[in-house]
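> Based on what follows, work out the 3D shape:
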Amino acid sequence: MADCSISIIIPAYNVEKYLKAALDSIKAQTELPDEVILIDDGSTDKTLAVAEEYDFSIPYKVLSIENGGQGNARNIGAELANFQYLYFFDADDLLDKNFISSFQSCIIRENFPDILLFSSMSFYDNEYSGSRRQEYCRGFSGLFLDRDDFLDSGYGKKGLFCSPCMYVSKATLWKGAALKFGDGYFEDEAVFFPLLFSCNSFLVVDEFFFYRRIRDGSTMTMLPSSRHVSGALNCMNTLRELYSSKRLSKREVWHIRKRMKQHCARYLRVSRDSRTPIAWDKVVDSVVLSRSFSLVARCLIYIMHAERLLFFLKKISDKLAR
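Numbering: from 1, shown residues only. Prediction:
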C-alpha cells in the first residue's frame, strides 16, 4: 500500500505529560505512516525533550519554533510534509491502532478522494475536574462526488464536525498559497468550509479512529475569553470571504448561510460570556448573509437599549435595500 502515503503532523505545546502516549499510539499502528512531523510551538515545559528523545523506525522530524499558535504550527508542518495525504493530530490525544490501515484501504478502494472524514470519541484525563464527555459521530457514510449531496447529508445527520483530527486530506490542498489555518481559537472551524469547497470528492467512514483527551487547561475546556471572541469573529470573516470569492450554486449558498448562522450565534455567545464588546457592524453583515430570522431575534436579546436597537435595525434595512 505504499502508493497511498500519509504524513502525520503534530503541533505540540506544553504536553510533556501526554506526548509519549500520543506518539505510542502512532508507533502501535498496524500500518505505520510514511513520516511524522512534530512542531514544538515554543513549549515552556519538557515537551521538546520528550519529542526529541522519542524513537521511531520511520522518518521523524522535530522542529522547535517560537510560540505562534496551533494553526501556525500546523501550517509549517504542512509545508514540510512530503507525502500524498496529510493528517493533523493533536499531541495529547490517541489513535486507534487500525487508523492508518483503514485509511489506506478506504482511500485505495474509492480511487483516492480528496478528503476522508471519520468519527471520534472523547475520554477523560484522570485529573479532569469537569463533566464534559462527547462522541462525535458523523452519522452518515459513503463516497460523495457532489459537494451539495455531501453537505446535505452532513447537515441532515449533524455530522459536519470540523476538527482536523477527524479527517485526512490531500497535501496539494495545503501547499503554497492554498489553504491555511488561522491564528487563535476556532482556527479549525475557520478553515473547514474553505477546505470543503476546495474538495471535489468526499469519503465518509462512520467509524471511531480518533480519541480526544478531555483535560483541564486544554482549549476544549477553557472559559471564554477575548481570544475566543477574536477566533469566532475570524470564522465569520473567513466565511464571508468564501461567499464572495467563488461562484456558488444555490445549495452551496444555502449551506454557507446556515454555517454563518452558527458562527454568528457563537460569536454573540462568547462575547457575552467574556464580557467583550460586540462588533455590531460585523454582526449585521453576518445576519444579512445568513438571512436568518432566528439570528435576528437572538441579536435583539443582546441589544440592551433603544439607540443601539435602532442602529441595528437601520443597518439591516440598509444592507437588504442594496
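> For the stretch 51-200 of the chain, which segments count as strands?
60-65, 85-88, 94-95, 115-124, 135-136, 142-144, 167-170 (DSSP state E, counting those that start in this stretch).
> And the contacts of the fourth one?
Yep, that's strand 115-124 we're talking about. Applying C-beta atoms under 8 Å, 6 or more residues apart in numbering, the set of residues contacting strand 115-124 from outside is 85, 94, 103, 106-107, 132-138, 161, 163, 165-170, 195-196, 199, 201-215. Where C-beta positions appear, they are placed from N, C-alpha and C, glycine not excepted.
> Low-confidence regions, the chain specifically.
1-3, 127-133, 177, 216-223, 304-313, 321-322 (pLDDT under 70).
> Does anything pack onto the top strand by length along the chain? Which helices or strands?
When the chain is scanned for its longest strand (criterion: DSSP state E), the result is strand 202-214. Packing partners of strand 202-214 (3 or more C-beta pairs under 8 Å, 6 or more residues apart in numbering; DSSP states H and E): strand 94-95, helix 99-109, strand 115-124, strand 142-144, helix 147-156.
> For whichever helix or strand comes after that strand, buried residues please.
Sequence order places helix 226-245 as the next helix or strand after strand 202-214, per DSSP states H and E. Judged by neighbour count (16 or more other C-beta atoms under 10 Å), helix 226-245 contains these buried residues: 227-240, 242-243.
> roughly how far apart are the most centrally placed residue in the chain and Leu143?
In the chain, the residue lying closest to the centroid (C-alpha atoms, centre = their mean) is Asp188, at 2.6 Å. Asp188 is 24 Å from Leu143, where distance means C-beta to C-beta, to the nearest Å.
> burial measure for Ser43, as a count.
20 (other C-beta atoms under 10 Å).
> Hmm, Arg227 is touching Phe186, no?
No: contact between Arg227 and Phe186 fails when scored by C-beta atoms under 8 Å: they sit 9.6 Å apart.
> picking that back up, now for the helices and strands packed on strand 202-214, which one comes closest to Leu248?
Set against Leu248 and scored by C-beta to C-beta, the helices and strands packed on strand 202-214 come closest in helix 147-156, at 9.9 Å.
> ok, now which ones touch the closest residue to Val229 other than its chain neighbours?
Once flanking residues are discounted, Val229 sits nearest to Thr276: 4.5 Å by C-beta to C-beta, 6 or more residues apart in numbering. Contact analysis of Thr276 by C-beta under 8 Å, 6+ apart lists Ser226, Val229, Val270.
> Contact partners for the second one?
If a contact means C-beta under 8 Å, 6+ apart, then Val229 has Tyr267, Val270, Ser271, Ser274, Thr276 as its contacts.
> just to revisit the earlier point, highest mean neighbour count across the helices and strands packed on strand 202-214, which stretch is it?
strand 94-95 (a mean of 22; mean count of other C-beta atoms under 10 Å).
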